[in-house]
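> Test case, fold it:
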Amino acid sequence: MEILKVSSKSSPNSVAGAIAGVIRDYGCVEVQAVGAGATNQALKSVAVARGYLAPMGMDLVCIPAFTIIEINGVERTAMKLIVETR
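As a prediction, the model looks like this:
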């Protein structure tokens, strides 16, 4: 599964375009975010991507979960959003 990493400075429209592209190619994508700001941007991106794909008859669903990732040798808890079509 393709993984997209989102930061608090990520543009929701740009991330939404990436989500839509991966969904068109593979049918699902994992979006990872660490921190409140990054999680906010990730969720906005999923909402925008839903609008991009709706005219094509694709309805997106988002399954939230936690995961552990390593950043600079330090383990961090990240929010994982599994996005797929319904």
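> who are the neighbours in contact with the residue most central in space within the chain?
With distances taken as C-alpha atoms, centre = their mean, the residue of the chain nearest its centroid is residue 31 (3.0 Å). By C-beta atoms under 8 Å, 6 or more residues apart in numbering, residue 31 lies in contact with 3-6, 15, 19, 42, 45-46, 80-81, 83. (Glycine included, C-beta is placed from N, CA and C.)
> mind listing which of these are in helices?
Within those, residues falling in helices by DSSP state H are 15, 19, 42, 45-46.
> which one of those sits closest to residue 63?
Using C-beta to C-beta, residue 46 comes nearest to residue 63 of these, at 10.7 Å.
> Quick check, pLDDT for the closest one.
For residue 46, the model assigns a pLDDT of 96.
> need the contact list for it.
The contact partners of residue 46, by C-beta under 8 Å, 6+ apart, come to 16, 19, 31, 60, 62, 81, 83.
> now residue 40
residue 8.
> got the buried residues for the helix or strand containing it?
Assignment of secondary structure by DSSP states H and E places residue 40 within helix 36-53. By neighbour count on 16 or more other C-beta atoms under 10 Å, the buried set for helix 36-53 is 38-39, 41-46, 48-50, 52-53.
> hmm, back to that, can you say which of the contacts of residue 31 are buried?
With neighbours counted by 16+ other C-beta under 10 Å, the contacts of residue 31 contain buried members at 4-6, 15, 19, 42, 45-46, 80-81, 83.
> just to revisit the earlier point, so can I have TSV of the buried residues of helix 36-53 showing distance to residue 24?
As requested, the buried residues of helix 36-53 are exported to TSV (distance: C-beta to C-beta, whole Å):
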residue	distance to residue 24
38	24
39	24
41	21
42	19
43	21
44	20
45	15
46	15
48	15
49	10
50	13
52	10
53	8
